[in-house]
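Student: sequence unknown, structure follows:
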């Protein structure tokens, strides 16, 4: 059978593309390497019926496509718990505070606030569709975010706190990311404040049942057009058609959408060499480093102390924590992010030592009660064969201005999707959905 379109990858990008193409009457097939859909969105159901989101989980204001899809499938959201005080453990001192402004010395706060205002102002100049054509693009792409931080902030403590926020946003050390990419990503998600915050921010809402439930609903509509455990190893194309090969399968179509991270696309063999810039793009981008660590308790005990579970620190393996308890609050779920270099170091430890070190971090925030969860689990996205990291691919210095323009350009019959190709909410579920719909529109206009 000759399909109209094959979609490789059943994350939100691939599923959204498939949904649009099927609605347009196209004969499609989605191939997914994993034994599940969702990609970097992974909801794990526990033995007691509760669940945790081991991958992406949040939606927030201006993520219109995600909210529209949730409404289409009668799925509900609920606010991330943020009532009460937050905690900050900074340079060995634990402090509680209300609101979004941490209790830092006046000069540190002034320096930090000025930096956030500055990155927001600079990001407004970015051309989201063509970042390489933004004002001073070559200048910003020649430096790292860390270089800019050192120039912008005279206060060392301000830089440390800004780094905590930056690593929570990008999942990489600021010394690894292009300043141009940081500005693009900031504007893509509205502004730096939005990316940091819960209320009116990127972490505002969670999906009842878990973030993968929407992917499962879409997949249910694609049952006859979806095949799991089908890892594509090679792609062959000629002037008339394109084909994919894997273990024990060979499938042909008129067009193909690759809805996977660039680093994974670079591991596929192509009979026709891709354009040099596309190949370099796949070589140069790299995935962020993330472990999500969970401790479950009989109840969210921190709430009775007037705390919201939001903690931040520049010490240990865990940078930030959130209250990830179910909407009903029937159990307490504390989630901690290990990010960037800390994630790489934590990932080298044995499971037993990882648990001990993570619970030590939780205990430093919330006291001895945090040391005795009913269950502990963590998940390394760096170890995921079909992701190799999270949240998304990162552009290092020089990438946007040299090879970035190829990011969405079709290569013969191959079209590109994935949150990395999105201009709005790049790196988020919203960006993935938008990218899939954009790729589907490209093909609908051609086939």
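Tutor: Perfect, thanks for sending it. Since the model is a prediction, treat every value here as computed from it, not as a measurement.
Student: Domain-wise, how is this structure divided?
Tutor: 2-39+212-284+394-444, 43-61+77-82+202-208+289-380, 104-196 (automatic domain parsing).
Student: Deepest in the core, which of the ones you listed is it.
Tutor: Compared across the domains of the chain, domain 2-39+212-284+394-444 shows the largest average neighbour count, a mean of 21 (mean count of other CB atoms under 10 Å). The way it works is simple: take the backbone N, C-alpha and C, and place the C-beta from them, glycine included.
Student: can you give me the end-to-end distance of that domain?
Tutor: End-to-end span of domain 2-39+212-284+394-444 (CA to CA, to the nearest Å): 17 Å.
Student: So what's the model's average confidence on the longest helix along the chain?
Tutor: Identified as the longest helix of the chain according to DSSP state H is helix 106-123. For helix 106-123, mean pLDDT is 97.
Student: And the contacts of it?
Tutor: By CB atoms under 8 Å, 6 or more residues apart in numbering, the residues outside helix 106-123 that reach it are 101-102, 104, 140, 149, 152-155, 157-158, 161-162, 182-184, 186-187, 191-193.
Student: now do 7 Å
Tutor: 104, 152-155, 157-158, 161-162, 183, 186-187, 191-193 (CB atoms under 7 Å, 6 or more residues apart in numbering).
Student: which residues of the stretch 201-350 of the chain fall in strands?
Tutor: 205-207, 226-227, 234-237, 242-246, 249-258, 269-270, 286-287, 290-297, 307-313, 320-323, 332-339 (DSSP state E, counting those that start in this stretch).
Student: thinking again about what came up before, just so I know, which of the domains of the chain lies nearest residue 96?
Tutor: Closest to residue 96 of the domains of the chain is domain 43-61+77-82+202-208+289-380 (CB to CB; 7.0 Å).
Student: and the end-to-end length of the closest one?
Tutor: Terminal-residue distance, domain 43-61+77-82+202-208+289-380 (CA to CA): 14 Å.
Student: how distant is that domain from the center of its chain?
Tutor: 17 Å (CA atoms, centre = their mean, to the nearest Å).
Student: can you give me the mean pLDDT across it?
Tutor: For domain 43-61+77-82+202-208+289-380, the mean confidence score works out to 97.
Student: again with stretch 220-227
Tutor: For stretch 220-227, the mean pLDDT works out to 96.
Student: Could you work out the end-to-end span of it for me?
Tutor: 12 Å.
Student: I'd like to check what contacts that stretch. Which residues are they?
Tutor: Contacts of stretch 220-227 (CB under 7 Å, 6+ apart): 10, 18, 22, 28-31, 219.
Student: ok so, going back, of the contacts of helix 106-123, closest to residue 89?
Tutor: residue 161 (11.7 Å).
Student: rewinding a little: from the contact counts, what lies against the helix or strand just after the longest helix of the chain?
Tutor: Downstream of helix 106-123, the first helix or strand assigned by DSSP states H and E is helix 137-141. Under the contact criterion of 3 or more CB pairs under 7 Å, 6 or more residues apart in numbering; DSSP states H and E, helix 137-141 touches helix 179-188, helix 399-403.
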